[in-house]
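Undergrad: Could you work out the structure for the sequence below:
(one chain, ligands or ions: 1)
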Amino acid sequence: MSLYNKYVLPKVIDWACSQKPSMKQRAKIIPQAQGNVLEIGIGSGLNLPFYAKDALKHLTAIDPSIETWHKNKIDTQSLPFGFEFIKAFAEDIPADSNSFDTVVITYALCTIPDTQKALSEIRRVLKTNGKLLFCEHGKAPDAAVQKWQNRINPLWKHIGGGCHLNKDIPLLIKDNGFKINQLDTMYIPGWKPASFNYWGSAQIR
Ligand SMILES: C[S@@+](CC[C@H](N)C(=O)[O-])C[C@H]1O[C@@H](n2cnc3c(N)ncnc32)[C@H](O)[C@@H]1O
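TA: Prediction:
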């Protein structure tokens, strides 16, 4: 692992993802998680305060970057629900099939290299009537913004640990065996190429 990814990237990710507009986005989606929950790419744990403790039985969180997870030194013993962190990739989830009521993913599909494999793994571990809750940034609807997203993307990937500016998130979800039940979109305040957000919920088709 490069020194940048080990020492700098966790700070960059935590700083970028903890800006007020994206924290407001988390409040729109995370309280809907219920039962046995899996969070994909938990990063520095910024969603944790938004879970509805009475609705949650247990939270399992995965992320390949233990450095990012350790960034905020979260005392997991003091969380109001059972919690386990596993260093793992979304493309190979270490969990039984049909075992989660909710899978949560925020600002991580942009970064996950094999989204097709990851979404197929999410489908495998999600119960048949379970929910996928997502909040992501991605391809903007305006041609002028898209042009900048495509131009900057090659450089952005290097600074942002593999983050892409221009993924069509709803299309990816729909093309990989899910039916989207709820979808909202808007530019959240901030730099336009990185601020077009999609959030909502999906179920296995
Ligand atoms: C931009 S951060 C978002 C972190 C967190 N989800 C949030 O909302 O603040 C992207 C996260 O995805 C993680 N990630 C990268 N590749 C991944 C993979 N293949 N599977 C799961 N997570 C991955 C990164 O380590 C990082 O923590």
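Undergrad: Can you show me the helices along the chain?
TA: Along the chain, counting by DSSP state H, helices occupy 3, 9-17, 20-29, 66-70, 115-125, 143-159, 169-175.
Undergrad: can I assume Ile112 is in contact with Asp92?
TA: No: look at Ile112 against Asp92 with C-beta atoms under 8 Å: they stay out of range, at 11.4 Å. (C-beta placed from N, C-alpha, C; glycine too.)
Undergrad: Compare these two (neighbour count), which wins?
TA: Ile112 (23 against 11; other C-beta atoms under 10 Å).
Undergrad: OK, contacts around that one?
TA: For Ile112, the contact set (C-beta atoms under 8 Å, 6 or more residues apart in numbering) comprises Ile40, Gly41, Phe89, Ala90, Glu91, Ala118.
Undergrad: before we move on, back to that, just send the helices of the chain back as a markdown table, with mean pLDDT too.
TA: Shown next, in a markdown table, are the helices of the chain (pLDDT from 0 to 100):
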| stretch | mean pLDDT |
| --- | --- |
| helix 3 | 88 |
| helix 9-17 | 93 |
| helix 20-29 | 98 |
| helix 66-70 | 97 |
| helix 115-125 | 98 |
| helix 143-159 | 96 |
| helix 169-175 | 98 |
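Undergrad: circling back: near the ligand, from the contacts of Ile112?
TA: Filtering the contacts of Ile112 for proximity to the ligand by C-beta under 6 Å from any ligand atom leaves Ile40, Gly41, Phe89, Ala90, Glu91.
Undergrad: How confident was the prediction at the last one?
TA: Spelled out, it's Glu91. Per-residue pLDDT puts Glu91 at 98.
Undergrad: which one is it nearest to, not counting chain neighbours?
TA: Nearest non-adjacent residue to Glu91, counting by C-beta to C-beta, 6 or more residues apart in numbering: Lys117, 4.2 Å away.
Undergrad: picking that back up, drop anything exposed from the contacts of Ile112.
TA: Taking 16 or more other C-beta atoms under 10 Å as the criterion, what is buried in the contacts of Ile112 is Ile40, Gly41, Phe89, Ala90, Glu91, Ala118.
Undergrad: Widest-spaced pair of these?
TA: By the measure C-beta to C-beta, Gly41 and Glu91 form the most distant pair in these, at 11.2 Å.
Undergrad: so what's the residue in the chain that the ligand sits nearest to closest to, chain neighbours aside?
TA: Residue of the chain nearest the ligand, by C-beta to the nearest ligand atom: Gly43 (2.4 Å). Excluding its sequence neighbours, the residue lying closest to Gly43 (C-beta to C-beta, 6+ apart) is Thr68, at 5.2 Å.
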